[in-house]
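[1] I would like the atomic coordinates for the input below:
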Amino acid sequence: DAARLRSVSRQCSLISCVIRRIFPLRLQGAPAAVVRQKAVDEKTEEFKLVYRFPGIKYCRVLSRLKLLQTATTMVMLPPICYLYLQHQVSLNIFLYTTGIAVFAGAMLYGMSYFFRRIIGLIYLNETGRTVKVAHLTFWGRRNDIYCPTESVMTLDEVGDSKRELLLQFKRYNSTDILYFTIKFGQIVDRQKFSQIFGELE
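    Predicted coordinates for the structure are as follows:
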């Protein structure tokens, strides 16, 4: 009987140990699951278009063309270097090709820095609590940003004149700055636009 009691006691302690190990893991995984579910809900939630910039399609084309031009220039540079070392091309051709490659890289960086910060579309969900902003990535693809409406600074808080060509899209919880234009853009829903950025006049 004593041996049986010891055996049952060991089994109970083993089971309790397993339970203690399993449940904390589940509790730790719960917040991540909630975050993933929240992200899925934001993407599947219906958003209404508030603002569009028709010129974003041209920015996308220019961004991808610049990538192609830079890649082509970089591919041409190594053979030119090899031919120069073999004394088959002149120094002027080598310097000219190198200059074009450096200039193309600098232009790519400058253009991508600018294009990545231009907003193409702004949406607001039905409850008016979440703003979705679409802009370009370095590769010329679309990237969506979701942020609470209360985190977006109004035009008065940003301090830009409403007649300026480019207006800043700032958030309280982020240092990233995006830009949009009222002059060349289209405000599809003025009421929702005012709900996000405040009154225009």
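[2] any chance you could map the helices in this structure?
    2-44, 56-85, 91-115, 155-158, 190-197 (DSSP state H).
[3] For the fourth one, which outside residues touch it?
    What that stands for is helix 155-158. With C-beta atoms under 8 Å, 6 or more residues apart in numbering as the test, helix 155-158 has contacts from 162, 167-168, 170, 197-198, 200. (C-beta placed from N, C-alpha, C; glycine too.)
[4] Check the offset of it from the chain's centre.
    The chain centroid and the centroid of helix 155-158 are separated by 23 Å, computed with C-alpha atoms, centre = their mean, to the nearest Å.
[5] before we move on, the earlier item: show me the one in the contacts of helix 155-158 that has more neighbours than the rest.
    When neighbours are counted by other C-beta atoms under 10 Å, residue 197 leads the contacts of helix 155-158 with 25 neighbours.
[6] follow-up on the earlier one: what two of the contacts of helix 155-158 have the greatest distance between them?
    Of all pairs drawn from the contacts of helix 155-158, the greatest distance, 16.9 Å, lies between 170 and 200 (C-beta to C-beta).
[7] Okay, and the beta partners of the residue positioned nearest the centre of the chain?
    Centrality entry for the chain: nearest residue to the mean C-alpha point is residue 143, 4.9 Å, by C-alpha atoms, centre = their mean. Beta bridges link residue 143 to residue 135, judged by DSSP bridges.
[8] Return the subset of the contacts of helix 155-158 lying in strands.
    Counting by DSSP state E, the part of these found in strands is 167-168, 170.
[9] lowest-confidence stretch among the helices of the chain?
    Note on the helices of the chain: lowest mean pLDDT is at helix 2-44, with a mean of 47.
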